[in-house]
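S.K.: I need the structure of the sequence given here:
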Amino acid sequence: MYKWVISLIILATLGIGRALAQEVRPPALGVHILHPGEITDAAALIKTEANRDQWTYVTLPLSLDDLERHDEWQAAFTEAKKHRINPIVRLTSRFDPQLNAWSVPTRGEIIQLFHFLSRLEWPQDAKFIIAFNEPNHASEWGGQLDPAGYAKVLNFITHWAHTEHYGYRVLPAAMDLAAPNGPDTMEAFGFLDGMLAANPHVFDNIDYWNSHSYPNPAFSASPERTGQNSLRGYQYELAWLQEKTGLTRFVFITETGWDDNRATNSHLASWYAIAREQIWSDTRILGVTPFVLRGDPGPFAGFTLIDRNNFATTQYEAYAAQIDLNAQNYRRYIESFQVPKF
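M.R.: The predicted structure is shown next:
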């Protein structure tokens with residue numbers, strides 16, 4: 001009788017521990033990179049001794065101009081597997097200087113991108129694909145605002161990806177949640193409504209949601225803001241998706257982060273802490289990849305984690321501290337599932 005009672009207590013304790021662990025499951029904190037050769041630098045940031053067993057993510061773009069670079073991409077994927085990093089690949093077309101915009105991809109070009117990806121040996125069976133980028137900006141979609149046109153492309157991608165039998169998982173293009181209505185941009189939910197009007201089932205076959213939840217305005221706001229254009233923007237998107245379609249999806253935040261300027265610099269350490277503890281801890285979030293690992297020199301210098309001289313920026317130090325704390329939480333989370341010895 002005594003042993004039986006002790007066994008029940010142990011099982012009950014394990015059950016409670018597992019339930020609590022599930023509630024506090026730490027998110028996978030990764031990073032957004034711009035080139036496949038940056039995998040090693042990404043691993044140095046996002047992998048620690050405590051999270052070495054945790055799979056995490058990098059987001060990176062694949063353009064039509066990369067289709068002759070198979071060996072470079074395969075080397076990056078091989079390196080990623082060594083570090084337990086799974087890439088989230090954002091499909092990209094070509095920049096058209098005459099339109100001053102990224103071209104609208106043809107079906108043939110989309111198939112070329114998939115054929116390239118299918119020839120690669122990925123780190124895991126699940127292959128995450130983002131169907132292009134922020135089409136509520138005309139500059140991202142052939143110089144036009146065309147929700148119906150993007151809906152057709154997304155529908156084609158989801159059906160093609162799921163008939164390929166290569167384990168593809170499709171995320172839609174993220175919206176710019178701060179974009180206003182105007183000649184060059186469309187408000188995000190107006191664009192999404194336009195997609196649904198063109199095809200009420202366009203989101204039925206996506207596997208996950210994709211969000212660019214930035215701290216706006218000006219990428220410089222406190223993480224305590226709660227508006228549509230805040231770090232909590234993904235909450236508005238998931239609520240919209242459920243209300244309009246009845247669908248629920250887990251979400252990846254594939255872009256986020258602050259512009260490092262006079263208004264934000266002294267706050268970055270505490271703001272990243274608030275983001276990790278109060279926002280990215282949402283169990284609906286599977287991964288977060290702040291933008292961007294290397295964006296200097298260039299228009300993304302204010303977001304860069306590593307500067308042009310290969311030095312860690314304030315952004316790097318602030319985010320790395322939260323990765324370390326998150327990794328420690330992950331280790332405790334894993335240990336909570338281990339059966340105690342008596």
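
S.K.: how many neighbours does the residue nearest to Tyr166 when sequence neighbours are not counted have?
M.R.: Nearest-residue entry for Tyr166: Ser118, 5.2 Å, with adjacent residues in sequence omitted and distances by Cβ to Cβ, 6 or more residues apart in numbering. Bear in mind the C-beta positions are built from the backbone N, C-alpha and C, glycine included. Using other Cβ atoms under 10 Å, Ser118 has 14 neighbouring residues.

S.K.: swap in Ala318?
M.R.: Under the neighbour criterion other Cβ under 10 Å, Ala318 is assigned a count of 22.

S.K.: Phi first, then psi, for it.
M.R.: With angles defined as degrees, to the nearest 10, Ala318 shows backbone torsions of phi -70, psi -40.

S.K.: Helices of the stretch 1-150 of the chain, start to end?
M.R.: Secondary structure of the stretch 1-150 of the chain (DSSP state H, counting those that start in this stretch): helices at 2-23, 39-46, 70-82, 107-118, 147-163.

S.K.: before we move on, back to that, what separation is there between the residue nearest to Tyr166 and Glu72?
M.R.: Using Cβ to Cβ, to the nearest Å, Ser118 is found at 17 Å from Glu72.

S.K.: same thing with Ser230?
M.R.: Taking Cβ to Cβ as the measure, Ser230 and Glu72 are separated by 37 Å.

S.K.: Please identify which of the two sits among more neighbours.
M.R.: Ser230 (23 against 13).

S.K.: and Gly194, how many neighbours?
M.R.: Other residues near Gly194 number 18, with proximity taken as other Cβ under 10 Å.

S.K.: List the residue ranges of the stretch 151-300 of the chain that fall below the pLDDT cut-off.
M.R.: Within the stretch 151-300 of the chain, no range satisfies pLDDT under 70.

S.K.: That one: helices as residue ranges?
M.R.: Counting by DSSP H, counting those that start in this stretch, one finds helices in the stretch 151-300 of the chain at the ranges 188-198, 233-245, 268-274.
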